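# Dropping the sequence and predicted coords here.
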Amino acid sequence: MKQNNKFILAQLKKHHIDLSCYGLEIKAFRKIRERFGFIRVRKQGHTVESIRDAVVRIRVIYPNAGGREMVNLLFHEEEILVSRSIVMQYFHEHESHLVRGRRHGHFKRKRFWAAGVNDMWAVDQHDKWKYKFGLALHTGIDPFIGYIHWIKIWWNNSNPRLILSYYLEAIETLECIPLVTQSDPGSENHRYMRQKKNVMPEITWSVLRRRFTPGFENILDEGVTNGWYDPGVLLQALVCRWVFIPWLQAELDTYRRRVNMTAKRRDRNKILPHGVPQHMLEFPDEYAILDFKIKVKQEHINTVRQQYADPSHDIFQLVPPDFAQLIQSFYVDLGEPSITRETCWEIYRQLLRCFEHLDKVHNIDSSVDDMWGFALTQAENEYRNEMQPLPNLRPLRGGEDIVGQDGGYYMGGVNGGNGLDDAQHAQLQRLIDEVEPNVAGETDFEGEDDICAWFSDEEGPDELAAADEW
């Protein structure tokens, strides 16, 4: 999270320094930062030419990154702190064809509002890689602040036990649950949205497809186009899972952290506090945000996990256990090379040759295919009927079919789906009155009505005009 010295010092004084015993002024703080190597943009003194090699490296994996995102990528991936004006100058000098080729999408907007943090989490699956590469994605986000709780990659994304494990991992970190989760119809959630209406995750996937996917899809395509990989061939599918899923998950974790640590571009269609999602999640009061979290105990999380998401279930196996032992031994024999963007396919091919050599020498019986074959069968199952919702639950009010006088609809769970009551409106107003614009200018309210947001139904092109800019 890139912030200026005044903002960081203000946060330290507010949350970490006992001001009755200690003091710290801005000049001393600047010297401390410089002593630890945290040099500001101007002192790093980067130019168009000094960032060129780094931008070229980033372009390989992020071919569609615009100005704002490139600044963040240089900071997070290359540890280069550079002004956006230098990046834009680089674009115009070296990538003018990309600037001219920038297209803006057009979207049909539909209004819904959430009442605050942890009012609602939206979850959704993404199948673009599922049938082409055997890799499935799933996400969970808080649409009010744009915080991504998880983006997971696995060989399945529809088993409710697996989805529950993602949810439990998130609430274990936060020690709380939201009022409502929302998704497309299925057995893993309790507020259903019709096709193409689960808009916030759809936007997240659209941004992911434009920002993250192209470079990594090019890498994955290399194996398919060269005939090295067919997701329908059992041995190749298992080796691919073992090599690619942990590596891609690490890349997605980095992407998630970067998004959560970056303030979104201001959007005139959103009446929301503007700031860094991670900071808004941790300190909602500083942005006049109501927090509807429900505290949960670890023992209750453990009980739910053991009953509904038992870690010993087959769905949580990356590959079958005996296969895992074999491939790990082969990997050790290869010297345990680091799996990276440059080495992933070479390591895959070497491991595949190890299995093929083993089969040639020992003439392995075809029964092994039956023993390991369930892994592919599991990946193809949608698991829609494996777990049923609990009976006798009272349905939530609200939803997209109940449109208010202002044309918006409420998807959260406050007061059983009815939204804020008079006392909560008063509490929200008190927070707004108390909040002063912080030293970084992060708090920015653009409207006086109930906090709400406009989101796209994704009926336009793939690109998001508001996601980034050149």
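Received, thanks.
# what separates the biggest helix by length in the chain from the chain centre, distance-wise?
For the chain, the longest helix by residue count, based on DSSP state H, is helix 234-260. Relative to its parent chain, helix 234-260 has a centroid offset of 13 Å by C-alpha atoms, centre = their mean, to the nearest Å.
# now the strands: where do they sit in the stretch 201-350 of the chain?
Assigned by DSSP state E, counting those that start in this stretch, the stretch 201-350 of the chain shows strands spanning 270-271, 294-295.
# between those strands, which gets the lowest average pLDDT?
If the strands of the stretch 201-350 of the chain are sorted by mean pLDDT, strand 270-271 sits at the bottom with a mean of 56.
# Doesn't Y22 belong to a strand?
No. Applying DSSP: H, G, I helix; E, B strand; the rest coil, one finds Y22 to be coil, outside a strand.
# Next, count neighbours for W150.
Number of residues near W150 (other C-beta atoms under 10 Å) recorded here: 20. In short, each C-beta sits where N, CA and C put it, glycine included.
# where does it land in three-state SS?
Quick answer, by three-state DSSP: W150 is strand.
# ok, it - contacts?
H138, T139, G140, Y166, E169, A170, R256 (C-beta atoms under 8 Å, 6 or more residues apart in numbering).
# can you do 10 Å?
W150 makes contacts with 121, 123, 138-141, 163, 165-167, 169-170, 173, 252-253, 256, as judged by C-beta atoms under 10 Å, 6 or more residues apart in numbering.
# For it, name its beta-bridge partners.
Applying DSSP bridges to W150 yields these beta-bridge partners: G140.
# how much space between it and N157?
12 Å (C-beta to C-beta, to the nearest Å).
# Common neighbours of these two, please.
Jointly contacting W150 and N157 under the rule C-beta under 10 Å, 6+ apart are H138, T139, I163, Y166.
# I'd guessed the third one sits against S183; true?
It refers to I163. Yes. Counting by C-beta atoms under 10 Å, S183 is a contact partner of I163 at 8.6 Å.
# So for those two, which residues contact both of them?
Common neighbours of I163 and S183 (C-beta under 10 Å, 6+ apart) are V123, Q125, H138, G140, N189.
# Point out the least confident one among the residues you listed.
Minimum pLDDT across these falls on N189, with 39.
# residues of whichever strand or helix holds I432 that come out buried?
Assessed by DSSP states H and E, I432 sits inside helix 422-434. For helix 422-434, the neighbour count (16 or more other C-beta atoms under 10 Å) marks Q424, L428, L431, I432 as buried.
# Can you tell me which of the contacts of W150 lies closest to Y287?
Nearest to Y287 among the contacts of W150: I141, at 17.4 Å, using C-beta to C-beta.
# any idea how far that closest one is from T47?
Counting by C-beta to C-beta, the gap from I141 to T47 is 37 Å.
# before we move on, the earlier item: for the helix holding I432, give the mean pLDDT please.
81.
# Likewise for stretch 61-70?
81.
# Could you list the buried residues of that stretch?
Here stretch 61-70 shows I61, Y62, N64, A65, G66, G67, R68, E69, M70 as buried, counting by 16+ other C-beta under 10 Å.
# among those residues, which are in helices?
I61, G67, R68, E69, M70.
# what's the closest non-adjacent residue to the first one?
Beyond its immediate neighbours in the sequence, the residue positioned closest to I61 (C-beta to C-beta, 6 or more residues apart in numbering) is G215, lying 3.5 Å away.
# I'd like the distance between that neighbour and E251.
Using C-beta to C-beta, one obtains 10 Å as the distance from G215 to E251.
# intersection of neighbour lists for those two?
Common neighbours of G215 and E251 (C-beta under 10 Å, 6+ apart) are I61, R341.
# Give me the domain ranges for the chain.
5-100, 113-314+390-456 (automatic domain parsing).
# looking at those domains, which is closest to L334?
domain 113-314+390-456 (11.4 Å).
# Please pick the buried ones from the shared contacts of W150 and N157.
Buried by 16+ other C-beta under 10 Å: H138, T139, I163, Y166, out of the shared contacts of W150 and N157.
# in the stretch 51-200 of the chain, which spans are strands?
Applying DSSP E, counting those that start in this stretch to the stretch 51-200 of the chain gives strands spanning 109-113, 120-126, 136-142, 147-154, 176-177, 180-182.
# quick one, which of those is nearest to T343?
Nearest of those (C-beta to C-beta): strand 147-154, 18.7 Å.
# Can you pull out the low-pLDDT segments for this structure?
Low-confidence segments of the chain, defined by pLDDT under 70: 1-2, 37-43, 97-113, 184-206, 265-273, 359-389, 397-409, 435-470.
# re earlier: how about the buried ones among the shared contacts of W150 and N157, which pair is most distant?
It's T139 and I163 that sit farthest apart of the buried ones among the shared contacts of W150 and N157, by C-beta to C-beta, at 10.6 Å.
# which residues do these two both contact?
Here T139 and I163 share the contacting residues V123, Q125, W150, K152, N157, scored by C-beta under 10 Å, 6+ apart.
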